[in-house]
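Peer 1: Pasted the sequence and its predicted model underneath.
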Amino acid sequence: MKKKILISTGGSGGHVVPATIFYEHLKKDFDVSITSDKRGIQFLDRSKYDIQIINTPKLSKNLFLLPFKIFAIIYLIVRSFFFLKSKKIDILISTGGYMSLPLCIASKIINIKIFLYEPNMVLGRANKLFMKFCKKIFCYSGEIKNLPNNLKDKISIIPTLLRKNFYLSKTSKDFNNEINLLIIGGSQGTSLFDNIINHSIIEISKKFKLKIFHQTNLENYENLKNFYSKNNIESKLFNFNENINNFMSLSNICITRAGASTLAELNFLNVPYIAIPLSIAKDNHQYENANFYEKKGCNWVLKQEELNERSLTNKLINIIENKDEYLIKKENIKKIRYKNTWNEVNQKLIEVINEN
């Protein structure tokens, strides 16, 4: 009889997409299901996955609301306890975030094995809370910040998790006569990427043949469409749920936030990128993600407080006109991606879970 694994996720695409990758890797050898909060459901195909909604509320700083939120979490811990027992779950895999709090607590109470996942270069707060109780934490590096030294033996380093279609995608091409610029704002979109960089795009289009692939949300779709049309700039707009690997393969440079999944995907498809870390990200983890790859010579990092119309324009023009540095970035990216195959990741995950 197959062991039963429950994958706890929710919130943004950065949490949910890795959960689906775990699911695909493990479904053959285990009986796998997923829990998500209501926010995460938008990134999941409910016809494809066995999904249960556990909608954990975020703890409020409002002292009046705090008791109600705590009561709700206690209720969800009790509900999780009976859910785990009724489903006879053997193993819980948490992709992080406060959404997994009730399930992790309930799993600890009834002695279910807990595995954590930390794709960022800074240990998340929820993961830090359960580090003592987990069997292993899956990471991309042994250099995770805020991880206690006495718990570093719990790290299991794996190749970056990628959706299966990435392994079938072509890597990006070098600059030729056309600049194919990819703009990625993340699963929730961002006004910075939909508005502030417009000036730079216009300036670049005056100097080079330019094509834009721009990820955005429905709220900003029409504004961006009108902007590109008005300025006669060839463009393709898409949302988070579309196959971004296709756009990465067609691009030769990218402007992006620094979510761990996005950087892993860009590196795998060999797309050099300017990372603009989200300045309000908890524990500054986006900057640490970008900085990790910058040290390996794979990207350029532009802090949000340094970002303005002139700085971004100058950065892009410098990259395009100094192709040697660009080609060095591509070579450096190749060095960190060559061991990442679907089978390599699959064998590593199954090996670690079965050993523990």
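Peer 2: Structure's in. What do you need?

Peer 1: mind checking how far the longest helix along the chain is from the chain centre?
Peer 2: If you go by DSSP state H, the chain has its longest helix at helix 66-87. Relative to the chain's own centre, helix 66-87 is displaced by 27 Å; criterion: C-alpha atoms, centre = their mean, to the nearest Å.

Peer 1: which element follows that helix toward the C-terminus?
Peer 2: Heading C-terminal from helix 66-87, the first helix or strand you meet, by DSSP states H and E, is strand 91-94.

Peer 1: tell me which residues in the next helix-or-strand element following that following strand are buried?
Peer 2: Sequence-wise, the next helix or strand downstream of strand 91-94 (DSSP H and E) is helix 101-109. For helix 101-109, the neighbour count (16 or more other C-beta atoms under 10 Å) marks 101-107 as buried. To be clear about C-beta, it is placed using only N, CA and C from the backbone, and glycine gets the same treatment.

Peer 1: likewise stretch 337-355?
Peer 2: Quick answer for stretch 337-355 (16+ other C-beta under 10 Å): 337, 340, 342, 345, 348-349, 353.

Peer 1: one step back: for the buried residues of helix 101-109, give me CSV that also has distance to residue 178 and pLDDT.
Peer 2: Below are those laid out as CSV (distance: C-beta to C-beta, whole Å; pLDDT from 0 to 100):
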residue, distance to residue 178, pLDDT
101, 48, 91
102, 51, 93
103, 48, 95
104, 49, 96
105, 53, 95
106, 54, 96
107, 52, 97
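
Peer 1: Between helix 101-109 and the longest helix of the chain, find me the angle.
Peer 2: 50 degrees (axes from the mean of the first three to the mean of the last three C-alpha atoms, to 10 degrees).

Peer 1: average pLDDT for helix 66-87?
Peer 2: Mean per-residue pLDDT for helix 66-87: 89.

Peer 1: Check the secondary structure at residue 170 for me.
Peer 2: coil (DSSP: H, G, I helix; E, B strand; the rest coil).

Peer 1: what number of residues lie near it?
Peer 2: Using other C-beta atoms under 10 Å, residue 170 is surrounded by 12 other residues.

Peer 1: Just list the residues touching it, thanks.
Peer 2: Neighbour list for residue 170: 249, 269 [criterion: C-beta atoms under 8 Å, 6 or more residues apart in numbering].

Peer 1: can you give me phi and psi for it?
Peer 2: The phi/psi pair for residue 170 (degrees, to the nearest 10) reads phi -80, psi 150.

Peer 1: Let me know the pLDDT of it.
Peer 2: Residue 170 is given a pLDDT of 91.

Peer 1: what bits of the stretch 51-200 of the chain have low per-residue confidence?
Peer 2: For the stretch 51-200 of the chain, the stretches with pLDDT under 70 are 59-66, 186-195.

Peer 1: Output the longest helix of the chain in CSV with nothing but the alpha carbons.
Peer 2: The C-alpha coordinates for helix 66-87 follow below in CSV (Å, rounded to 0.1, in the frame of the first residue of the first chain):
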residue,chain,number,x,y,z
LEU,A,66,-6.5,39.4,16.8
PRO,A,67,-8.5,37.2,19.3
PHE,A,68,-10.9,36.3,16.5
LYS,A,69,-8.0,35.3,14.2
ILE,A,70,-6.4,33.2,16.9
PHE,A,71,-9.7,31.5,17.6
ALA,A,72,-10.0,30.7,13.9
ILE,A,73,-6.5,29.2,13.8
ILE,A,74,-7.3,27.0,16.8
TYR,A,75,-10.4,25.8,15.1
LEU,A,76,-8.4,25.0,11.9
ILE,A,77,-5.8,23.1,14.0
VAL,A,78,-8.6,20.9,15.4
ARG,A,79,-10.1,20.5,11.9
SER,A,80,-6.7,19.7,10.5
PHE,A,81,-6.2,17.1,13.3
PHE,A,82,-9.4,15.2,12.3
PHE,A,83,-8.7,15.7,8.6
LEU,A,84,-5.3,14.1,8.8
LYS,A,85,-6.6,11.3,10.9
SER,A,86,-9.5,10.6,8.6
LYS,A,87,-7.3,10.6,5.5
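
Peer 1: Give the other helices and strands that that helix contacts.
Peer 2: Helices and strands touching helix 66-87, by 3 or more C-beta pairs under 8 Å, 6 or more residues apart in numbering; DSSP states H and E, are strand 4-8, helix 101-109.

Peer 1: Show me what counts as buried in it.
Peer 2: Across helix 66-87, burial judged by 16+ other C-beta under 10 Å covers 73, 76-77, 80-81, 83-84.

Peer 1: on that earlier part again, farthest-separated two in the buried residues of helix 101-109?
Peer 2: Largest separation among the buried residues of helix 101-109 by C-beta to C-beta: 101 and 107, giving 10.9 Å.

Peer 1: from the buried residues of stretch 337-355, which ones fall inside helices?
Peer 2: By the criterion of DSSP H, membership of those in helices covers 337, 342, 345, 348-349, 353.

Peer 1: Now tabulate those in a markdown table and tack on pLDDT.
Peer 2: Compiled in a markdown table, those are given as follows (pLDDT from 0 to 100):
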| residue | pLDDT |
| --- | --- |
| 337 | 80 |
| 342 | 95 |
| 345 | 96 |
| 348 | 96 |
| 349 | 97 |
| 353 | 97 |
